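1. Could you look at this predicted model? Sequence included:
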Amino acid sequence: MSNGVIGLVVLVVIIVVVGLLCVGIYNKLVALRNRFKNAFAQIDVQLKRRYDLVPNLVETAKGYMKHESETLEAVIAARNQASAASTTAAADPGNAIAMQGLLGAESALTGAMGKLMLTVERYPDLKANQTMSQLMEELTSTENKIAFARQAYNDSVMVYNTTRETFPNVILAGPMGFATATLFEIKSEVEREAVKVAF
C-alpha cells in the first residue's frame, strides 16, 4: 500500500470516529433534554391542579370575607397570571425567558396566597367551614407534590446542564441548538416560606 492510500484510510477512520462522537453527544443531549422536559411536565400537572383549586378557595372565602374583596381579587389576578405563564413555559421548558416569567408569576401567586391565608385567620367561621378545610388540605397536598416535582426537574436540569457544559460536549452543544436550561428555584427568603394552610 502506498502512503497516499494509508493516509486516506487514516483520514476516513478519523472522520468516522469524530462523526460517531458527534452522534453520541447529540443523542445523549437529546435524551437529557427530553428528561428535563418530562420532569417539567410533572410540575405543570401539579401547577394546573393548584390553579384549579384557587378559584374554589376564593369562592368559598367570598361568603365570609365580604370586606376583603381586594385580597380575593389579588389572588385571582395572580392565579391567572401564573396560569398564563405556566402555559408559556410548558410549551418550551428550555426557554429561559419563559421560565423566568413563570418563576415571577409563581412568586406573585405565593405572596397573594400568603396574604389570603393571613386574612382567613381573622374569620373563625371560615376556618371551621368543612369545604374550606377540604380545599386547604388539597392545596397542602398539591404544594407538597409541586415541591417533589420541582426537585426532580432541577435534578434533571442539573444533569443536562453539566453534560452540556463538559468537554467536548460544550463545543458541539451550542451549534446543535442545546441551550442552557433554567432551574425552577425560589430566590428570596419570603418566597421560600410555604403557604400556611393549617387550621
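-> Arrived safely, thanks for sending.

2. Might one say that Ala173 is in contact with Leu29?
-> Yes - counting by C-beta atoms under 8 Å, Leu29 is a contact partner of Ala173 at 6.2 Å. C-beta here means a position set from N, CA and C on the backbone, and glycine is covered the same way.

3. Please report how far Val16 lies from Gly24.
-> Note on Val16: its distance to Gly24, by C-beta to C-beta, to the nearest Å, is 12 Å.

4. Run a quick neighbour tally on the closest residue to Asp44 other than its chain neighbours.
-> Spatial nearest neighbour of Asp44, chain neighbours left out: Ala90 (4.6 Å); criterion: C-beta to C-beta, 6 or more residues apart in numbering. Using other C-beta atoms under 10 Å, Ala90 has 18 other residues around it.

5. in what helix or strand does Ala90 lie?
-> Element membership for Ala90 (DSSP states H and E) is helix 69-91.

6. and what of Leu47?
-> helix 3-62.

7. Pull out the buried positions in stretch 98-110.
-> The neighbour-count check on stretch 98-110 (16 or more other C-beta atoms under 10 Å) flags 98-99, 101-103, 105-110 as buried.

8. Just these: which are in strands?
-> Judged by DSSP state E, those include no members of strands.

9. can you pull the pLDDT of the residue lying closest to Leu57 once chain neighbours are set aside?
-> Closest residue to Leu57 apart from its sequence neighbours, by C-beta to C-beta, 6+ apart: Leu135 at 4.9 Å. pLDDT recorded at Leu135 is 90.

10. Verify the stated contact: Leu135 with Val58.
-> No - if you go by C-beta under 8 Å, Leu135 and Val58 don't touch, sitting 9.8 Å apart.
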